[in-house]
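Undergrad: quick one, what's the 3D model for this:
(one chain, ligands or ions: 1)
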Amino acid sequence: MSRPTVLITGAAAGIGRAIANRLVQRGARVLLWDVSAPALEQTRDELGDLARAEVVDIADENAIASADMTTWRPTHLVNNAGILGQKRSWLDLEAAEIERLLRINVTGPMLVTKAFLNARALDTPGAIVNMASIAGENGGAPGFAAYGASKGALLALTRAMARDLAPDLRVNALAPGIIQTAMQTGAPGGAANAEAIPLGRAGSAEEVAGAAEWLLLDAPYTSGEVLRVAGGRR
Ligand SMILES: NC(=O)c1ccc[n+]([C@@H]2O[C@H](COP(=O)([O-])OP(=O)(O)OC[C@H]3O[C@@H](n4cnc5c(N)ncnc54)[C@H](O)[C@@H]3O)[C@@H](O)[C@H]2O)c1
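TA: Below is the predicted model:
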């Protein structure tokens, strides 16, 4: 069996970076992909010998196809990279902006999954975690309909992947609520909305990472599920 080797997209910051950190502490190897080269390099340096990093834009099919997945063959995948997009009223929607968001949040995870399936090590039980959101269930914050739609699509994809890739791979989704990362900076629903969260506060990237670690490595009979990490909020 290979050592668990986890490909994580959007791994240079926020939740992806916290997942990488947690998995390395667990003794797994991590393949870090991100578009932000300086942050990616810094994360790789901090994680040490169990981490490799590559600048890969998951909106770019050619970049995904030419990424190195043979030096370390991945056994697990976290489709984490995603964008929130600009707040838009319905009258201000622009097709190009919607398509860009869906490209990163929906098409990207599908293409990365395809590349992962082609490259993955077959001698180790594997798993996939898709980083959805409670926005995929409740529609998201006002002005962020495209984001909510993209995360709803990721929840449907999780169910399709869990069915299609069984019994070789388990596939689950995480649905975080409000998590303190750069994505929340300037977005509505941060600390100001804490009273709407039963646990009374936003969550941390580390708290989401703990749930990701469990789904990836410690949940051998769990597949096709959505695990909310949202402080009780729906
Ligand atoms: N922060 C929250 O409150 C929250 C809540 C629910 C779900 N999520 C989801 O969690 C995931 C991570 O969010 P975060 O809060 O850590 O965000 P973040 O903005 O802090 O980090 C996202 C990372 O993804 C990278 N990235 C963006 N576009 C990319 C692309 N095209 N290719 C490769 N990398 C790309 C960014 O450079 C960044 O390093 C996202 O899918 C997000 O939708 C976040």
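
Undergrad: use CA for all of it now, contacts and neighbours both
TA: Noted.

Undergrad: okay, now Leu31: neighbour count?
TA: Other residues within reach of Leu31 by the criterion other Cα atoms under 10 Å amount to 24.

Undergrad: so the residue lying closest to it once chain neighbours are set aside: helix, strand or coil?
TA: Nearest residue to Leu31, sequence neighbours excluded (Cα to Cα, 6 or more residues apart in numbering): Leu7, at 4.5 Å. Of the three states, Leu7 takes strand according to DSSP: H, G, I helix; E, B strand; the rest coil.

Undergrad: pretty sure Leu7 is touching Ala81, no?
TA: No - with contact defined as Cα atoms under 8 Å, Leu7 does not reach Ala81; the gap is 11.4 Å.

Undergrad: next up, the contacts around the residue nearest to Leu31.
TA: The neighbours of Leu7, taking Cα atoms under 8 Å, 6 or more residues apart in numbering as the test, are 30-33, 74-78.

Undergrad: now tabulate the residues you listed in JSON lines and tack on distance to Ala149 and pLDDT.
TA: Supplementary listing: the contacts of Leu7 in JSON lines, determined by distance: Cα to Cα, whole Å; pLDDT from 0 to 100:
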{"residue": "Val30", "distance to Ala149": "29", "pLDDT": "98"}
{"residue": "Leu31", "distance to Ala149": "28", "pLDDT": "98"}
{"residue": "Leu32", "distance to Ala149": "26", "pLDDT": "99"}
{"residue": "Trp33", "distance to Ala149": "24", "pLDDT": "99"}
{"residue": "Pro74", "distance to Ala149": "29", "pLDDT": "98"}
{"residue": "Thr75", "distance to Ala149": "29", "pLDDT": "98"}
{"residue": "His76", "distance to Ala149": "26", "pLDDT": "98"}
{"residue": "Leu77", "distance to Ala149": "22", "pLDDT": "98"}
{"residue": "Val78", "distance to Ala149": "20", "pLDDT": "99"}
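
Undergrad: longest helix in the chain, please.
TA: Counting by DSSP state H, the longest helix found in the chain is helix 145-165.

Undergrad: please identify the buried residues of stretch 117-126?
TA: 117, 119-121, 124-126 (16 or more other Cα atoms under 10 Å).

Undergrad: ranges for the strands of the chain?
TA: Using DSSP state E, the strands found in the chain span residues 5-9, 29-34, 51-55, 76-79, 126-131, 169-176, 226-229.

Undergrad: can I get the ones you listed in TSV including distance to the ligand?
TA: Output for the strands of the chain, formatted as TSV (distance: least, Cα to the nearest ligand atom, whole Å):
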stretch	distance to the ligand
strand 5-9	6
strand 29-34	4
strand 51-55	8
strand 76-79	8
strand 126-131	5
strand 169-176	4
strand 226-229	9
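
Undergrad: can you tell which of those is closest to Gly139?
TA: Proximity of those to Gly139 was assessed by Cα to Cα; the nearest stretch is strand 169-176, lying at 12.5 Å.
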